[in-house]
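Asks: based on what follows, work out the 3D shape:
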Amino acid sequence: MLSLLIIDDDTEFRESLRQPLQNDYKLRFAASRDEALAALATPPDAVLLDLRLSGTEERDGLDVLRTLRRQMPHVPVVIVTGQADVEIAVECMSEGASSFLQKRPGMLGEIKLRLNEALKHVLILNRNEQLERKLRRFDPGLLVGSSQAMQKLRKRIQKLANYPNKKVILVRGERGTGKELIVESFHRLGLRRNKPFVPVDVRQTPEDLLPSVLFGSEKGSFTGADERSIGMLEQANNGILFLDEIGNMNPAAQDMLLRFLQEFKIVRIGSKQAAHPISLDVQVIAATNANLEQMQQDGQFREDLYDRLERDVIQVPPLRDRMEDIPELIEHFLQMLREQGSNLKLAPNLLGWLMRYDWPGNVRQLENSLGAASTEAEERDNIICCEDFPARVRTSLAGVSASTISSSSDPSETNLAEETGSVLQLNPLTTGFSIDREKSHLELLYIRQALEEADGVSAAATSLGYNNRHQPSRRCEIIFKKFPDLKPDFPDLCEQFNI
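Replies: Okay, here's the model as predicted:
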C-alpha cells in the first residue's frame, strides 16, 4: 500500500481525511514544520501539504516543499491550503508542487483525484527509469551465442539499423528472449546511436494516460494538467522511441499511433493548434511477445496498425531453437557472477542436464535459475550441481533417464567422458546441435579456467584430472583439429599451446 504523509496543523481537517483515505493509503500525519521534516526520514510515496503550519506564514510550508524537492524530487506534493493567493500558488508550482488546491467544503473527491493523477505520473516515470536501467546494464556487444540463429539475428539487426528509411521496426519474441537487449543493440549499432533513446513500458502505463504520455498535453487539457507536458515522441525527436509490450496498447492509443506512423506529425492533447501539427523525425521500435495475428483477428489490435508494424520485423529466437548457445550463455553468466566476487564452477555432469531442459522462460529463466543455483552453491563449496537449481527445472527432468557418454577410442579423449559422467542424452536430429562439439567447447572452457586459476600448466592439468602436464595441450590440439570453428573463441589457448 502506498504511503501518504499529510502535513497540516488543522486537527479537524486531518481527521476528516483519515476515514476516506485510510483504505487507499498508509497514512502518516505531521502538524508542524519540525514534525514534517522529521517524518521525511521515512520517505512517503506522496505528500498532502498545508502552507500555513501552526499559525505561521506560508514560508514554513514552502520550506518543507523545497526540502522535499531537494531530497525526494519524484515524490508528488499536493498543496491544500486555506489561502488563495495567486502569487503563492505560482511560487508553489514553480517549486515543483504537483497541484495547488484551496480548502473548501466537499473537496475530498478533488483531493483523491489530484493524488491519483500525481501518483500515476510518478509510477510512469519510475517504471520507465527502471526500464532504462535494465537496458543500460546490457552490453550490446555481448549478444551471446555463435549459433546460426544468432548469426542470422546479428545480420538482421545490422542491416535494419543502418537503413535511414526504416522508420518502424517490430521486435518479436517470447518472454525472456532478450528483446530489450536487441533494441539496445539496434540503437548502439544504428545511424541514431548518438541521438535520444526514449523507452516507454506500455503494459505498465495506465491506459487513460498513455495518449498524453506519448503525445504530450497542453495546460488545462484534463484534470491535473497544470502545465504543458512534452510527450515521449517529442522527447525522442531525431532519435528512437521504444514501445515495449505494444500488444498491451489500448484501442484509442492504437488509433493515435497509427495516425502518427502515417504522417510522423503530432498534436498535443488539448492543443488549439490542430491545424498546425508538429513534424517529428522519430524511429519507432515496438516489441511484443503477444500473438498480434490472433489479436488482430479477435478485434483487439488494429489490422492496419498490424500491417504497418509487420513490414520490418526482427524475430528473436527462443532458447530451445539455439540450444548450442547454452554453454556460452552459462559461461557468460558465470563470468558476471565472478566479477561480483564469486568463485563458482559447474559440476562436471551439469551441462548435459541443462541442455536437456527446453527452458520455456528462455534466456531470462536460464540466468535466474543459474543465479538461484549459485546462491545454494556458495553456501556449500562453490560447485554448482543439479540439485541447486529451482524445483521447476529439476521436476521437469525428473523422469528423464540418464545415459553415460561413451568414451572415445582415442585414449587421450577418455578423460572428458570420465569427468562428465552421467548426463542426459540429447538427440542431435531433433535439437539441431552436436553434443560432441558442446562437450569439446565445455572442456576448452574448463582448460581456460584452470590455466587462469592454477600456478602453471602442471597444476592446471592436476586440477582438471589429467594424467600429465602435456594433456591440456594435447586435448586442445585434438579439439581444434576436429572443430576448427572453435579456434576464434579461444585465441589465448591457441597462443599458449602454439596451435
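
Asks: got the contact list for the nearest residue to residue 77 once chain neighbours are set aside?
Replies: Excluding the flanking residues, the one nearest residue 77 by CB to CB, 6 or more residues apart in numbering is residue 47, at 4.6 Å. In this view, the C-beta of every residue, glycine as well, is placed from N, C-alpha and C. Going by CB atoms under 8 Å, 6 or more residues apart in numbering, residue 47 touches 4-7, 68, 75-78.

Asks: closest one of those to residue 229?
Replies: Using CB to CB, residue 76 is the member of the contacts of residue 47 that sits closest to residue 229, with 14.2 Å.

Asks: then stretch 345-355 to CSV, C-alphas only?
Replies: Output in CSV follows, covering the C-alpha atoms of stretch 345-355 (Å, rounded to 0.1, in the frame of the first residue of the first chain):
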residue,chain,number,x,y,z
LYS,A,345,32.3,-23.6,-11.1
LEU,A,346,30.0,-26.1,-12.7
ALA,A,347,29.8,-29.7,-11.6
PRO,A,348,31.2,-31.9,-14.4
ASN,A,349,27.9,-33.5,-15.2
LEU,A,350,25.8,-30.4,-15.3
LEU,A,351,26.0,-29.1,-18.9
GLY,A,352,24.2,-32.1,-20.5
TRP,A,353,21.5,-31.9,-17.8
LEU,A,354,20.9,-28.2,-18.5
MET,A,355,20.9,-28.7,-22.3
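
Asks: skip ahead from the host helix or strand of the residue nearest to residue 77 and say which helix or strand is next.
Replies: Taking DSSP states H and E as the definition, residue 47 sits inside strand 46-49. Per DSSP H and E, the first helix or strand lying C-terminal to strand 46-49 is helix 59-71.

Asks: how far does that next one sit from its chain's centre?
Replies: When C-alpha coordinates are averaged (CA atoms, centre = their mean, to the nearest Å), helix 59-71 and its chain have centres 34 Å apart.

Asks: residue 72 contacts residue 43, correct?
Replies: Yes - between residue 72 and residue 43 there is a contact at 5.5 Å, judged by CB atoms under 8 Å.

Asks: buried sites along the helix or strand harbouring residue 460?
Replies: For residue 460, the enclosing helix or strand under DSSP H and E is helix 457-464. Neighbour-count burial for helix 457-464 flags 457, 460-461, 464 (criterion: 16 or more other CB atoms under 10 Å).

Asks: try stretch 206-224
Replies: By neighbour count with 16+ other CB under 10 Å, stretch 206-224 contains the buried residues 209-218, 221, 224.

Asks: same question, stretch 307-318
Replies: Residues of stretch 307-318 classed as buried: 308-309, 314, 316-318 (neighbour count, 16+ other CB under 10 Å).

Asks: redo the residues you listed as TSV? Include distance to residue 347.
Replies: Listed next are the buried residues of stretch 307-318 as TSV, based on distance: CB to CB, whole Å:
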residue	distance to residue 347
308	50
309	45
314	36
316	30
317	28
318	26
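
Asks: how is this structure divided into domains?
Replies: The chain breaks down into these domains under automatic domain parsing: 3-125, 147-317, 321-496.

Asks: reformat those domains as TSV; add mean pLDDT.
Replies: What follows is those, written out as TSV (pLDDT from 0 to 100):
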stretch	mean pLDDT
domain 3-125	83
domain 147-317	91
domain 321-496	75
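
Asks: strands of the stretch 251-400 of the chain, start to end?
Replies: Assigned by DSSP state E, counting those that start in this stretch, the strands in the stretch 251-400 of the chain fall at 265-266, 278-279, 283-288, 313-315, 345-346, 383-384.

Asks: just checking, what packs against the fourth one?
Replies: To tie it back to what came earlier, the one meant is strand 313-315. Counting contacts by 3 or more CB pairs under 8 Å, 6 or more residues apart in numbering; DSSP states H and E, strand 313-315 is packed against helix 148-161, strand 168-172.

Asks: tell me which of the ones you listed sits nearest to residue 488.
Replies: Closest approach to residue 488 among these is made by helix 148-161 (12.7 Å; CB to CB).

Asks: list the buried residues of that closest one.
Replies: Quick answer for helix 148-161 (16+ other CB under 10 Å): 149-150, 153, 156-157, 160-161.

Asks: between those residues, which is nearest residue 494?
Replies: Taking CB to CB as the measure, residue 494 lies nearest residue 150 of those, at 22.6 Å.

Asks: can you pull the contacts of the closest one?
Replies: Contacts for residue 150 (CB under 8 Å, 6+ apart) come out as 143-144, 317, 322, 325.

Asks: need the max-distance pair from the residues you listed.
Replies: With CB to CB as the measure, no two of the contacts of residue 150 lie farther apart than 144 and 317, at 12.8 Å.

Asks: need the contact list for residue 366.
Replies: Here residue 366 is in contact with 319, 326, 329-330, 333, 354, 359 (CB under 8 Å, 6+ apart).

Asks: hang on, the earlier thing: dump the buried residues of helix 148-161 to TSV, plus distance to residue 341.
Replies: Below are these laid out as TSV (distance: CB to CB, whole Å):
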residue	distance to residue 341
149	33
150	29
153	32
156	37
157	33
160	39
161	36
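
Asks: what are the pairing partners of the strand holding residue 47, and which direction each?
Replies: Sheet neighbours of strand 46-49, with direction, are listed as strand 3-7 (parallel), strand 77-81 (parallel) (DSSP bridges).

Asks: put the alpha carbons of the first one into CSV.
Replies: The reference is to strand 3-7. Output in CSV follows, covering the C-alpha atoms of strand 3-7 (Å, rounded to 0.1, in the frame of the first residue of the first chain):
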residue,chain,number,x,y,z
SER,A,3,2.1,5.8,2.0
LEU,A,4,0.7,9.3,2.2
LEU,A,5,2.1,12.0,4.5
ILE,A,6,-0.5,14.6,5.5
ILE,A,7,1.2,17.8,6.8
